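Colleague: When you get a sec, could you give me coordinates for this:
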Amino acid sequence: MALPKVGDKAPDFKTINQDGKEVKLSALKGQTVVLYFYPKDDTPGCTVEACEFRDGYTKLKKKAVLFGVSPDSAKSHTKFIQKFKLPFDLLADEDKTLATAYGVWIKKSMYGREYMGVARTTFVIDKTGKIAQVFEKVKPAGHMAEVYSVL
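Modeller: You can find the predicted model right below:
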């Protein structure tokens, strides 16, 4: 799937958070949602990004609902949340349905080896369910401030 563009209707989804509770985008209509996709729990860049969102969460949550999404399991998310005291939900996307729907499950390459993985991307979804902002090729350091500046 292609990356949704600003103005597109955000792909609806239904998945579970770290506690096994169902989360549906359509149930959040009327609220701004920040959906950040990251490759893997407890890896260097992903930890920097998650901790920045943690540190700015008090002010961000006044403007938006925040979710991190990766292909990790709910159990892995629980450990990541506990280790770094993350105050927001992480969504399990083990079958890569969300990453595919949002166009971030892509072919990557490292040291000449190709593999499929998550492109670090953040979507801001407005109160009507439309994409308001897309951050591609996110650099973890400073990203929280970038996201907050468009809310």
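
Colleague: partner residues bridging the residue positioned nearest the centre of the chain?
Modeller: Geometric centre of the chain, nearest residue: Tyr36, 2.1 Å, by C-alpha atoms, centre = their mean. For Tyr36, the beta-bridge partners under DSSP bridges are Gly68, Thr122.

Colleague: Surely it is in contact with Phe53?
Modeller: Yes. Using C-beta atoms under 8 Å, Tyr36 is in contact with Phe53, at 7.2 Å. Placement of C-beta: from N, CA and C, glycine included.

Colleague: how about low-confidence regions in the protein?
Modeller: Low-confidence segments of the chain, defined by pLDDT under 70, are absent.

Colleague: could you show me where the helices are in it, in order?
Modeller: 44-60, 74-84, 97-101, 143-149 (DSSP state H).

Colleague: Tell me which of those helices is the most buried.
Modeller: helix 97-101 (a mean of 18; mean count of other C-beta atoms under 10 Å).

Colleague: Return the distance of that helix from the chain's centre.
Modeller: 11 Å (C-alpha atoms, centre = their mean, to the nearest Å).

Colleague: before we move on, back to that, intersection of neighbour lists for Tyr36 and Phe53?
Modeller: Shared contacts of Tyr36 and Phe53, defined by C-beta atoms under 8 Å, 6 or more residues apart in numbering, comprise 66, 68, 143.

Colleague: How about the contacts made by the last one?
Modeller: Spelled out, that is His143. 36, 49, 52-53, 122, 135.

Colleague: please redo it, this time with the cut-off set to 7 Å
Modeller: Neighbour list for His143: 49, 52, 122 [criterion: C-beta atoms under 7 Å, 6 or more residues apart in numbering].

Colleague: Check the second one too.
Modeller: Neighbouring residues of Gly68 by C-beta under 7 Å, 6+ apart: 36, 38, 50, 88, 90-91.
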